[in-house]
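*Asks:* Just need the structure, nothing else, for what follows:
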Amino acid sequence: MAGPYYQQKDAIRQHGVEVFSSNYHLYGDLSMRVMDTLRVLLPRECVEVYSVDEAFLDISHIAPSQYQSFALHLRETIEMWTGIRVSVGVAPSKVLAKVANRLAKREKQKTACVTVMDSAEKMEAALTHFDVGDLWGIGSRYSRKLKDDFGINTAWQLRHMPEEWARKNLGGVVGVRMIRELNGIPCIPLKDPLETKKMISSTRMFGKPVYTLAELKEAVATFTSRAAEKLRRQGYAAGIIDVFVVTNGTQAGQYAYDPRSDHRYTILPRATNFTNELISFALPLVDQLFRPGFKYQKAGVILGQLVPDESVQGDLFAGKAKKNQKQLMETVDNINFSMRGDVLKYAASGLSRNWKMRQEMRSGKYTTRWEELFEIK
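*Replies:* Numbers count the residues shown, from 1 in each chain. Okay, here's the model as predicted:
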């Protein structure tokens, strides 16, 4: 992770470094294009979108002799269709595929960004010099423990540890699964893309520290609105709302950390995805969290206990206005989507929003805004 821009501004200018602010619209759109390309090249059920810039693919239907050529075809097609360069790692298990992918990045001049580990010799060559701390699923705490307590420094050493040892010293079933994955035995299946999510969140750093309750409420109301929009887009309703804040001390610099005061949650009387209802439950939580004099750097909203929207019990005694809420939310979403922005928003979200991320050096939203199309002169 890099340090704050303002701390290195002079050095950045001195060396002519290009700086860009976060551009979430562009990242999300290009990510979607890459993932859609994968779904064209492979059956949809063979693609698991793991994160905004990573996916796992099941290519067991392809002959092993074709792995290298298929991986190259995959990489070249993605770059040709989207302009995004990717690296591809092929191996018998997810953990080994992550290792192969890292090696493909590390030695891209030699591998053309593609590494296929399809033999015992290739696995040994890769794992012998692969730091155990770089393995997917081994955090810094376990890395220190493996190195300091057991003298295990490489993935190859870890691979040869007994499963019973892993059960005792490496997190039980999770450790056993790691040993098996390193031995090429797949234990982490591809997730169903239609699998029910456990939570949906919306969070951002503030463009400048927030000191007032009003601004903190505006931010939380804005994040609640975005999370509610995600809920509706994905066909869910939430049964619990959790609000959290992040502070780095008071204006005078003192800060006594209280782990009980950084988040609050409430269980909703009825699962909902209506923005106004979620905001009405979120804002009282901000009142409980706020402490005068503190500098707030970040806030967020997490919606949990998700259920399919169509399975929420209707209210026989609700008034007409209440029954029209669903149509109202659809109208708001359609207008905001077509206009590409918060054209319609609740007053609780604020008008000036001085706390927003500044993004003064953001590149254009080249693929999602007509007025920001890239111009070639």
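
*Asks:* how about the CA coordinates for stretch 301-318, as PDB?
*Replies:* What follows is stretch 301-318, C-alpha atoms only, in PDB (Å, rounded to 0.1, in the frame of the first residue of the first chain):
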ATOM      1  CA  VAL A 301     -22.800   0.400   5.800                       C
ATOM      2  CA  ILE A 302     -23.100  -3.400   5.700                       C
ATOM      3  CA  LEU A 303     -26.400  -5.100   5.000                       C
ATOM      4  CA  GLY A 304     -26.800  -8.700   6.200                       C
ATOM      5  CA  GLN A 305     -29.200 -11.600   6.600                       C
ATOM      6  CA  LEU A 306     -30.000 -11.300   3.000                       C
ATOM      7  CA  VAL A 307     -33.100 -13.100   1.600                       C
ATOM      8  CA  PRO A 308     -34.600 -13.100  -1.900                       C
ATOM      9  CA  ASP A 309     -36.800 -10.100  -2.400                       C
ATOM     10  CA  GLU A 310     -39.700 -12.100  -3.700                       C
ATOM     11  CA  SER A 311     -39.800 -14.200  -0.500                       C
ATOM     12  CA  VAL A 312     -40.400 -11.300   1.900                       C
ATOM     13  CA  GLN A 313     -43.700 -11.500   3.600                       C
ATOM     14  CA  GLY A 314     -46.200  -8.900   2.400                       C
ATOM     15  CA  ASP A 315     -48.000  -6.500   4.800                       C
ATOM     16  CA  LEU A 316     -51.700  -6.900   4.600                       C
ATOM     17  CA  PHE A 317     -52.300  -3.700   6.600                       C
ATOM     18  CA  ALA A 318     -49.900  -1.500   4.800                       C
END
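
*Asks:* Might you calculate how far that stretch sits from the centre of the chain?
*Replies:* 24 Å (Cα atoms, centre = their mean, to the nearest Å).

*Asks:* tell me which residues in it are buried?
*Replies:* Val301, Ile302, Leu303, Gly304, Leu306, Asp309 (16 or more other Cβ atoms under 10 Å). To be clear about C-beta, it is placed using only N, CA and C from the backbone, and glycine gets the same treatment.

*Asks:* contacting residues around the fourth one?
*Replies:* Residues in contact with Gly304 (Cβ atoms under 8 Å, 6 or more residues apart in numbering) are Lys198, Met199, Ala238, Gly239, Ile240, Ile241, Asp242.

*Asks:* make it 6 Å
*Replies:* Gly304 makes contacts with Met199, Ile240, as judged by Cβ atoms under 6 Å, 6 or more residues apart in numbering.

*Asks:* Equivalent analysis for the second one, please.
*Replies:* Listed by Cβ under 6 Å, 6+ apart, the contact set of Ile302 reads Met199, Ser201, Asp242.

*Asks:* Ramachandran angles for the last one?
*Replies:* This points to Asp242. Main-chain torsions, Asp242, degrees, to the nearest 10: phi -120, psi 130.

*Asks:* leaving aside the residues next to it on the chain, what's closest to it?
*Replies:* Nearest residue to Asp242, sequence neighbours excluded (Cβ to Cβ, 6 or more residues apart in numbering): Tyr265, at 3.9 Å.

*Asks:* And for the first one?
*Replies:* Using Cβ to Cβ, 6+ apart and skipping residues adjacent in sequence, the residue nearest Met199 is Gly304, 4.6 Å away.

*Asks:* mind saving the C-alpha coords of stretch 67-84 as CSV?
*Replies:* Output in CSV follows, covering the C-alpha atoms of stretch 67-84 (Å, rounded to 0.1, in the frame of the first residue of the first chain):
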residue,chain,number,x,y,z
TYR,A,67,-3.8,-26.2,-21.6
GLN,A,68,-0.9,-24.1,-22.8
SER,A,69,-2.4,-23.1,-26.1
PHE,A,70,-5.8,-22.5,-24.5
ALA,A,71,-4.3,-20.3,-21.8
LEU,A,72,-2.5,-18.2,-24.4
HIS,A,73,-5.7,-17.9,-26.5
LEU,A,74,-7.5,-16.8,-23.4
ARG,A,75,-4.9,-14.1,-22.6
GLU,A,76,-4.7,-12.8,-26.1
THR,A,77,-8.4,-12.7,-26.6
ILE,A,78,-9.0,-10.8,-23.4
GLU,A,79,-6.4,-8.2,-24.4
MET,A,80,-7.7,-7.9,-28.0
TRP,A,81,-11.4,-7.5,-26.9
THR,A,82,-10.9,-5.3,-23.8
GLY,A,83,-7.4,-3.9,-23.9
ILE,A,84,-6.6,-5.4,-20.5
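
*Asks:* Show me how far it is from its chain's centre.
*Replies:* 24 Å.

*Asks:* if we can go back for a sec, looking at the contacts of Ile302, which has the most residues close by?
*Replies:* Asp242 (18 neighbours; other Cβ atoms under 10 Å).

*Asks:* Could you pull up the contacting residues of that residue?
*Replies:* With Cβ under 6 Å, 6+ apart, Asp242 has these contacts: His263, Tyr265, Ile302.

*Asks:* give me that answer again for 10 Å
*Replies:* 199, 201, 263-266, 282, 285, 300-304 (Cβ atoms under 10 Å, 6 or more residues apart in numbering).

*Asks:* How far does stretch 61-74 stretch from one end to the other?
*Replies:* 15 Å (Cα to Cα, to the nearest Å).

*Asks:* Check stretch 5-12 too.
*Replies:* For stretch 5-12, the first-to-last residue distance is 9 Å (Cα to Cα).

*Asks:* For the contacts of Asp242, give me a markdown table that also has pLDDT.
*Replies:* Below are the contacts of Asp242 laid out as a markdown table (pLDDT from 0 to 100):
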| residue | pLDDT |
| --- | --- |
| Met199 | 89 |
| Ser201 | 90 |
| His263 | 89 |
| Arg264 | 93 |
| Tyr265 | 93 |
| Thr266 | 95 |
| Ala282 | 95 |
| Leu285 | 95 |
| Gly300 | 93 |
| Val301 | 95 |
| Ile302 | 95 |
| Leu303 | 95 |
| Gly304 | 93 |
